[in-house]
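Q: this one's sequence-less:
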């Protein structure tokens, strides 16, 4: 798994849920660089799919600390649906925020890694 996943930070455009939620992106499937148009199309499809599940996703952007790489994503409350969507959109991993902990979920194996206090990964 890409080690950069463990050091990502996140910026939310709105107030985040107070209950557990997952973060899913559709950008750069299979860890390969996609074009801007491909990423934007996949992102729109992911948002529409989440909304079709009856959820109200919130835009959240994952990035490296230097802010030289960003991937737009969405929150989703249903963890099982998030795992399914991560796989559908060919992602290697998704994140889960639960009890103020940030968890990294490796989709091929289902392994979860506790990365630490969520607040340390959230930037304004």
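A: Alright, I've got the coordinates. Predicted, not measured: the structure shown is a model, and the values here were computed from it. Numbers count the residues shown, from 1 in each chain.
Q: the helices in the chain, which residues?
A: Assigned by DSSP state H, the helices in the chain fall at 36-52, 79-88.
Q: looking at these, which is buried most?
A: helix 79-88 (a mean of 18; mean count of other C-beta atoms under 10 Å). All C-beta spots, glycine's among them, are computed from the backbone N, C-alpha and C.
Q: Could you figure out how far that one is turned away from helix 36-52?
A: Taking axes from the mean of the first three to the mean of the last three C-alpha atoms, to 10 degrees, one finds helix 79-88 and helix 36-52 inclined to each other by 150 degrees.
Q: packing partners for helix 79-88?
A: Contact analysis of helix 79-88 by 3 or more C-beta pairs under 8 Å, 6 or more residues apart in numbering; DSSP states H and E lists strand 21-25, helix 36-52, strand 93-98 as its packing neighbours.
Q: Identify the residues contacting it?
A: Contacts to helix 79-88, defined as C-beta atoms under 8 Å, 6 or more residues apart in numbering, come from residues 20, 22-24, 46, 49-50, 53, 55, 76, 93-94, 96, 105, 107.
Q: can you tell me the average pLDDT over that helix?
A: Average pLDDT, helix 79-88: 97.
Q: Tell me what angle that helix forms with strand 93-98.
A: With the same axes, to 10 degrees as the basis, helix 79-88 and strand 93-98 are set at 160 degrees to each other.
Q: could you give the angle of helix 79-88 to strand 21-25?
A: Relative orientation of helix 79-88 versus strand 21-25 (the same axes, to 10 degrees): 10 degrees.
Q: how distant is helix 79-88 from the center of its chain?
A: 10 Å (C-alpha atoms, centre = their mean, to the nearest Å).
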